[in-house]
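Student: Just the structure for this:
(one chain, ligands or ions: 2)
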Amino acid sequence: MKTYEGTNVRNVALVGHGRTGKTQLISSLLYTAGMVNRQGRVDDGTSVTDYDEEEIQRKFSISASLAFAEWNKTKINFIDTPGLNMFLHEAEGALWAADSALLLVHAVAGVEVQTEKNWRFCENYGLPVTFVVSQMDRELASFDRVLQSLRENFGRQVIPLQLPLGEEKAFKGCADLIRMKADVYDADGSGKSKESEIPDGLSSAASQSHEAIVEMVAEGNDKLMEEFFEKGTLPPSDLQPGLKQAIRERRLFPVLATAGLPNTGAEGLLSFVASYLPSPIERGAWKGTEPDGGAEIARQPSDDQPACVYVFKTVADPFAGRVSYFRVVSGVLKNEAVLNNFNRGGAEKFSHIGVVQGKTQVPVGELHAGDLGAVAKLKETITGDTLGDKSAPFLAPRVKLGEPAISFAIEPKSRGDEDKLSIAIHRMLEEDLLLRFSRDPQTNEFLLAGSGQQHVEVAVSKLKRRFNVEVTLKAPKIPYRETIRSKAEAQGKHKKQTGGHGQYGDCWIKLEPLQRGAGFEFVNDIFGGAIPRNFIPAVEKGIVEAASKGYLAGYPVVDFRVILFDGSYHEVDSSEIAFKLAGSKAFKNCMEQAKPCLLEPIMNVEITVPESYSGDIMGNLNGRRGRIQGMDSKSGSTIIKGQVPLAEMLSYASDLTSMTQARGTYSMEYSHYDFVPPHIADKIVAAARSTGHGKEEEEE
Ligand SMILES: Nc1nc2c(ncn2[C@@H]2O[C@H](COP(=O)(O)OP(=O)(O)O)[C@@H](O)[C@H]2O)c(=O)[nH]1
Ligand SMILES: [Mg+2]
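Tutor: Residues are numbered from 1 along each chain as shown. Ligands and ions are numbered 1, 2, ... in the order given. Got it, this is the predicted structure:
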């Protein structure tokens, strides 16, 4: 396998709403570039990037995957991402590997909810965006309509670089608005085209659009602007670099037209990516921090820098073990290299590094700065870690993921599978950072939490298929949390000194509420050795454990600070265990006075319904303790945005269907935690206590 210098690499993420054709398009492009010898199809389960059993079965992408093609001496790495809301965190994480994005927009459906979300992700990452109007062969496809809605949503810098030759079944190619030629594609699905003149009917529209590109390119570049004013146009030799720069700087967002399934537009798209999208080198330095101290530093994506890689995805394979997908941030990564994990400290050996073509890995001897690759069997590296040459520590920023929205109790089908379940799940958690696994402190059941029901169901299905563990999913649970509303101060003393070796631990702590999302802070304020230093972590551990078991109703206590400020010890009888118990007692004693209360997850909800239903839908949301934040109308539909507690949304899918005769759709994602109103909290606490849980008695 050849290796490529960073200047000849393009890392392109395909993003967009579900079912816009991302996965199909990649398979078709690979076929046109001669990377595979037939055109894989999503519908037959033969696409290159939806190779996982779960994806083949469900016919949609669940996790990010990689493929590559060589075109005009350039290696294009494609990053396929899921468009479904519930798996969107995969798309977000994978964008770290990309230097630009192709944002697919369905030629019939136009701008959809996930189009906007992916646009915002790209904005946050500063990624250049190219819109690809997909599935132009579909009935009712309209390039003009989509273009108009793109400009309404994303601004006047959205500029077509192509116009379609025909639409729906008649879509046969594109007028290229830079070369001012028509590319007519072979009807055999090869993705190859023949050049001809732009047909008369399209030529004045094409000239106008060409002028629009020229003006937009000149607008951000004084030199080109002068030239443009002088000559009234720009020659291709100036237009091309100017356009490339404008795309890279996000001053211009091109629009292209394709149909992946009949493979119309492939050559044009491949050439566009190779000619106009930035290489990792052009994208510039990665900003990060020093591992200790956290001072900001930058790392140039250059071969002569020390080797450094960033892991953007992990796959738990039952046979190959852990497979880590990475981007070479800087330097040349040689096969067999040993790199330090700057997040975790240990060294890892990169044996058998390779490049990824869907489910297969092709071995390579080295990878240059900017390229993407994979390696199996790193010992403790997980997604988001940075590794590199010991001499040059560097930490790339981690992806900030949301919180899981829903949690289900799961139970192994055969008794005795508990250990197997727990091992398998822990490997899956490495692969998917938004899955959480825990034990319900009240019922002792296993809990699996994710971004939505489908997310958890896919995880359960993977457990069975990959790890041969079958589990039953029980009714969803709301992941409530507990917190405090006021400060408190108390002592915790654990003392047993009757006969033999005694136990003695004693501490004084203060609790203080922190803002939502702050988690837990521990402050050691012990002076003069009231508690010997080596016992202090034990106090903290006791508090953390007690907090995880909850105080009111068995839900973890969050968003508080503990200040350990006094205590006492015994020369002989003090031990870690004794101080741990003291910590836990002090915590419980504090909770009594700290006005404990319950928190619940609040969701951002977006509902699209035909206009005539909007009144009913809003009334219904009010009944669900919802707060409506906005309303929009778009071609006969109303889009209602609001925030609603998750507890009120569990049956929403079926309720919405019956309220709107199945004409409404909605999407929902975690927003934040907020206080549960007292009358509802009382019921939750009472229910927990009636099962004998919640505020537990001290076991000695
Ligand atoms: N008619 C038509 N169907 C397409 C085209 N591209 C994809 N599809 C179909 O649209 C569905 C979704 O495609 P897929 O690539 O999985 O979309 P993704 O969710 O964006 O990855 C599948 O049934 C494809 O066969 C296209 O260009 N034309
Ligand atoms: Mg897909």
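Student: Which strands or helices does the lengthiest helix in the chain pack on?
Tutor: Taking DSSP state H as the criterion, the chain has its longest helix at helix 200-219. Where contact means 3 or more C-beta pairs under 8 Å, 6 or more residues apart in numbering; DSSP states H and E, helix 200-219 is packed against strand 158-160, strand 162-165, helix 222-231, helix 236-248. Using the backbone N, CA and C atoms, a C-beta is placed for each residue, glycine as well.
Student: Next, format the ones you listed as a markdown table and append mean pLDDT and distance to Ile684.
Tutor: Below are the helices and strands packed on helix 200-219 laid out as a markdown table (pLDDT from 0 to 100; distance: least, C-beta to C-beta, whole Å):
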| stretch | mean pLDDT | distance to Ile684 |
| --- | --- | --- |
| strand 158-160 | 97 | 48 |
| strand 162-165 | 98 | 56 |
| helix 222-231 | 88 | 64 |
| helix 236-248 | 93 | 52 |
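Student: tell me the pLDDT at the closest residue to Phe121 other than its chain neighbours?
Tutor: Of all residues not flanking Phe121 in the chain, Glu92 sits nearest, at 5.4 Å (C-beta to C-beta, 6 or more residues apart in numbering). For Glu92, the model assigns a pLDDT of 74.
Student: Which residues of this structure lie near ligand 2?
Tutor: By the rule C-beta under 5 Å from the ion, the part of the chain lying against ligand 2 is Lys22, Thr23, Ser61.
Student: check these against ligand 1, which are close?
Tutor: The subset of the residues of the chain next to ligand 2 within reach of ligand 1, by C-beta under 6 Å from any ligand atom, is Lys22, Thr23, Ser61.
Student: Most neighbours among those, which one?
Tutor: The member of these that has the most neighbours, counting by other C-beta atoms under 10 Å, is Lys22 with 32 neighbours.
Student: Now it: phi and psi?
Tutor: phi -60, psi -50 (degrees, to the nearest 10).
Student: how about it, what does it touch?
Tutor: For Lys22, the contact set (C-beta atoms under 8 Å, 6 or more residues apart in numbering) comprises Leu14, Val15, Gly16, Ser61, Asp80, Thr81, Gly83, Leu104, Ser134.
Student: Tell me the predicted confidence for it.
Tutor: At Lys22, the pLDDT value in this model is 96.
Student: gap between it and Leu269?
Tutor: Between Lys22 and Leu269 the computed distance is 12 Å (C-beta to C-beta, to the nearest Å).
Student: Quick one: the strands in the stretch 401-550 of the chain, in order.
Tutor: With DSSP state E, counting those that start in this stretch as the criterion, the stretch 401-550 of the chain has strands at 406-412, 436-439, 446-450, 471-477, 481-484, 488-496, 503-513, 520-524.
Student: ok, Pro476 touching Met649?
Tutor: No: because the distance of 10.3 Å does not satisfy C-beta atoms under 8 Å, Pro476 is recorded as not touching Met649.
Student: Give me the number of neighbouring residues for Asn534.
Tutor: Asn534 has 10 neighbours, counted by other C-beta under 10 Å.
Student: same question, Gly452
Tutor: Around Gly452 there are 20 other residues, counting by other C-beta under 10 Å.
Student: and what of Phe520?
Tutor: Neighbourhood size, Phe520 [other C-beta under 10 Å]: 17.
Student: show me the contacts for it.
Tutor: Here Phe520 is in contact with Val544, Ala547, Val558, Asp559, Phe560, Arg561, Val562 (C-beta under 8 Å, 6+ apart).
Student: Return the set of buried residues in stretch 373-390.
Tutor: By neighbour count on 16 or more other C-beta atoms under 10 Å, the buried set for stretch 373-390 is 373-376, 378, 381-389.
Student: ignore the last one, stretch 183-198
Tutor: Within stretch 183-198, the residues scored as buried using 16+ other C-beta under 10 Å are Asp183, Val184, Tyr185, Gly189, Gly191, Ser193, Ile198.
Student: now the third one: how far from Gly268?
Tutor: To tie it back to what came earlier, the one meant is Tyr185. Going from Tyr185 to Gly268 by C-beta to C-beta gives 9 Å.
Student: Quickly list what's touching both of these two.
Tutor: With C-beta under 8 Å, 6+ apart as the test, Tyr185 and Gly268 both reach Gly173, Ser193.
Student: By proximity to ligand 2, which residue of the stretch 551-700 of the chain wins?
Tutor: Nearest residue of the stretch 551-700 of the chain to ligand 2 (C-beta to the ion) works out as Ser667 at 17.1 Å.
Student: For that residue, I want the exact helix or strand it lies within.
Tutor: Secondary structure assignment for Ser667, by DSSP states H and E: strand 665-675.
Student: Counting by contacts, list what that strand packs against.
Tutor: Applying 3+ C-beta pairs under 8 Å, 6+ apart, one finds that strand 665-675 contacts strand 596-610, strand 637-645, helix 652-659.
Student: okay, the ones you listed in a markdown table with distance to His501 next?
Tutor: Formatted as a markdown table, the helices and strands packed on strand 665-675 follow (distance: least, C-beta to C-beta, whole Å):
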| stretch | distance to His501 |
| --- | --- |
| strand 596-610 | 36 |
| strand 637-645 | 51 |
| helix 652-659 | 59 |
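Student: which one of these is the most hemmed in?
Tutor: Scoring the helices and strands packed on strand 665-675 by mean neighbour count under mean count of other C-beta atoms under 10 Å gives strand 596-610 as the most buried, with a mean of 21.
Student: now that one: how far from the chain's centre is it?
Tutor: Relative to the centre of its chain, strand 596-610 is centred 20 Å away, using C-alpha atoms, centre = their mean, to the nearest Å.
Student: Now do the buried residues in whichever strand or helix holds Gln57.
Tutor: Counting by DSSP H and E, the element that carries Gln57 is helix 53-58. For helix 53-58, a neighbour-count test (16+ other C-beta under 10 Å) marks Glu54, Glu55, Arg58 as buried.
Student: Quick one: name whatever helix or strand follows that helix.
Tutor: Going down the chain from helix 53-58, the next helix or strand is strand 65-71, by DSSP H and E.
Student: Thank you kindly, that will do.
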